[in-house]
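A.B. asks: here you go, sequence then predicted model.
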Amino acid sequence: MSGNGMERLGFIGLGVMGTPMARHLISQGRDVTLWNRTKSKAYDLVALGAKWVESPGQLTEAVDAILICVSKSEDVQAVVNKLLPFLRPGQLVIDHSTILPKVAEGIAKQVAEKQGFFVDAPVTGGSMGANKGTLTIFMGGETEAVERAKAITAPFAKRAEHVGPSGAGQMTKMANQIAVGGALLGLCESLAFAQKAGLDVRKTCELLSQGAAGSWAFENYGPKILARDWEPGFSVTNQQKDFLYCQEAAKDLSFPLPMTELAHKLLAILEQEGRGGDTTAALYDVYLEMESEE
Ligand code: NAP
């Protein structure tokens, strides 16, 4: 199969991320067939020119390569289980969901047994990156399959990099999420401190974002905190899922993740308050509620 990206594509998982990713493919003239658990989420994309099928099996029969962007490890495995009976030799499955690296490795083996190819291809850049088509993709798998996946995903990626064999894409995403957690703690702790100190939080945020403390978190989540806009973006529930995967992957390496553990513990407070659907930047409120014990 050619590696020019112009293959017949199937897309499964039309959520916050999958919808704009599929939209970029369609708007760049790719041949896209959709299936989503909730059919209504496909209507706008069908109006833009995508085709709809009633099952993952029908989708597999209709395309050359399948892109998946669902939620957890179990969800990706459930979708793949529905594809496998229909998979033909040479078909490519690309998974953009964030899942456990060892689950990605297992799926790669299942797909290889059908003489298909699998690329674990988790993304970073958030919903903003998906909407702008500027995601970074970490790709794990065989070189030929990764090159094919790069051509297919070009409409929504500013960079796609081959980082190693199956599972390495997800392992890189774990490293990414560890750093994202630290940046989130830094942002929220710093701005809550500024608030407690009676500083102008808006000015503090603006000044800090332009110096050594500046980060993607300051740039993208700083304005959300100032506006108290807790719409995700990336939800607390999704972030907690990723932290659990980071911790499980680190356990297999006998490597501690003290900062990730703290971030996980603090975000759990939001979950207990029924705020799992809020953006992770809502962690700011947890900090505002904190008081020293003395
Ligand atoms: P989302 O908005 O919750 O969408 C999830 C999608 O997966 C929905 O279309 C949902 O179908 C589908 N789905 C979930 N479980 C399924 C199952 N068992 N069978 C079939 N379909 C299933 O999530 P998202 O924010 O787009 O995130 C998708 C993935 O990208 C996650 O792995 C997340 O960690 C990762 N990610 C997210 C971001 C972000 O900023 N949001 C950034 C980087 C990576 P329904 O429409 O029927 O609910």
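C.D. replies: Looks like it came in fine.

A.B. asks: flag every residue of the stretch 101-250 of the chain that's near the ligand.
C.D. replies: V123, T124, G126, S127, G233, F234, N238 (C-beta under 6 Å from any ligand atom). C-beta here means a position set from N, CA and C on the backbone, and glycine is covered the same way.

A.B. asks: so which bits of the lowest-mean-pLDDT helix or strand in the chain are buried?
C.D. replies: Lowest mean confidence among the helices and strands of the chain (mean pLDDT, DSSP states H and E): helix 126-132, at a mean of 93. Buried residues in helix 126-132, counting neighbours by 16 or more other C-beta atoms under 10 Å, are found at G126, S127, G129, A130, N131.

A.B. asks: ok, these vs G198, which is closest?
C.D. replies: G126 (31.5 Å; C-beta to C-beta).

A.B. asks: so the closest one sits against S235, correct?
C.D. replies: No - counting by C-beta atoms under 8 Å, S235 is not a contact partner of G126; they are 11.2 Å apart.

A.B. asks: residues in contact with the residue in the chain that the ligand sits nearest to?
C.D. replies: Using C-beta to the nearest ligand atom, G15 is the residue of the chain that sits closest to the ligand, at 1.8 Å. Listed by C-beta atoms under 8 Å, 6 or more residues apart in numbering, the contact partners of G15 are K41, C69, V70, S71.

A.B. asks: how many residues are close by the second one?
C.D. replies: In terms of burial, C69 registers 26 neighbours under the definition other C-beta atoms under 10 Å.

A.B. asks: give me the low-pLDDT residue ranges for the chain?
C.D. replies: Residues of the chain meeting the criterion pLDDT under 70: 1-3, 294.

A.B. asks: determine which two of the buried residues of helix 126-132 are furthest apart.
C.D. replies: G126 and N131 (9.0 Å).

A.B. asks: report the contact partners of the residue lying closest to R159 once chain neighbours are set aside.
C.D. replies: Excluding its sequence neighbours, the residue lying closest to R159 (C-beta to C-beta, 6 or more residues apart in numbering) is T136, at 4.9 Å. Counting by C-beta under 8 Å, 6+ apart, T136 touches V123, T124, G125, G129, A157, K158, R159, A160, E161.
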